[in-house]
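Student: starting from these lines, generate the structure:
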Amino acid sequence: MNRFLGIGQLQAKLISISREMEQFVKDETEALGRDIEADAKINASGIANAPVELKQRINSEVIDNGFGTRVSQNLLPLGAYIEFGTGAFVSVAPEWKNMAWTFYKNGKGTLRAHAYLYPAFVLNRDKYIALLRKKLELITK
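Tutor: Numbering: from 1, shown residues only. All right, here's what the predicted structure looks like:
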């Protein structure tokens, strides 16, 4: 009998840990989106001659029932041209190449790349992954 009581307690503890981790992931994912948004706006503010709307139209939203976040820039296509550059001045991170191709016109542009969103993404992605790993270590000890 005592053995089954221990299994029940273990099951209850595992459920509790699962709920705690799920909420932690959702909270940190939402914070991740806000942090990327804030850093991208700071980066966009430093771009000379960029329209003020570039910064104003960066936003984040929670998706996938709290397990995802989307940060977007809605001054398109200009926002993409500023991020990636145009013509001979294109500079695109490999993981964003497919998205960048959707903005391709003729390859004759002259706008230099001024990444503002990608650096914010990389900085905060790395912090997020480290935070999740640390929390997982703490929970599983």
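Student: Y128 and E30 touch, don't they?
Tutor: No: counting by CB atoms under 8 Å, Y128 sits too far from E30 to count as a contact (11.0 Å). Backbone N, C-alpha and C define where each C-beta goes, glycine included.
Student: who has more neighbours out of the two?
Tutor: Applying other CB atoms under 10 Å to Y128 and E30 shows that Y128 carries more neighbours, namely 19 against 16.
Student: what stretches of the protein score poorly on pLDDT?
Tutor: 1-5 (pLDDT under 70).
Student: now the helices for this protein?
Tutor: Along the chain, counting by DSSP state H, helices occupy 2-45, 52-56, 78-84, 97-101, 117-140.
Student: can I get the ones you listed in JSON lines with distance to K108?
Tutor: Below are the helices of the chain laid out as JSON lines (distance: least, CB to CB, whole Å):
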{"stretch": "helix 2-45", "distance to K108": "25"}
{"stretch": "helix 52-56", "distance to K108": "22"}
{"stretch": "helix 78-84", "distance to K108": "12"}
{"stretch": "helix 97-101", "distance to K108": "16"}
{"stretch": "helix 117-140", "distance to K108": "23"}
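Student: please identify the most buried of the ones you listed.
Tutor: Compared across those, helix 78-84 shows the largest average neighbour count, a mean of 23 (mean count of other CB atoms under 10 Å).
Student: that one: how far from the chain's middle?
Tutor: Centre-to-centre, helix 78-84 and its host chain are 18 Å apart (CA atoms, centre = their mean, to the nearest Å).
Student: before we move on, what about stretch 109-127?
Tutor: 11 Å.
Student: list of residues touching it?
Tutor: Outside stretch 109-127, the residues that touch it by CB atoms under 8 Å, 6 or more residues apart in numbering are 32, 35-40, 42-44, 46-47, 50, 54, 58, 71, 73, 81-93, 96.
Student: go again using 6 Å as the cut-off
Tutor: 32, 35-36, 39-40, 43-44, 47, 73, 81-87, 89, 91, 93 (CB atoms under 6 Å, 6 or more residues apart in numbering).
Student: distance between the ends of that stretch?
Tutor: In stretch 109-127, first residue to last residue: 35 Å (CA to CA, to the nearest Å).
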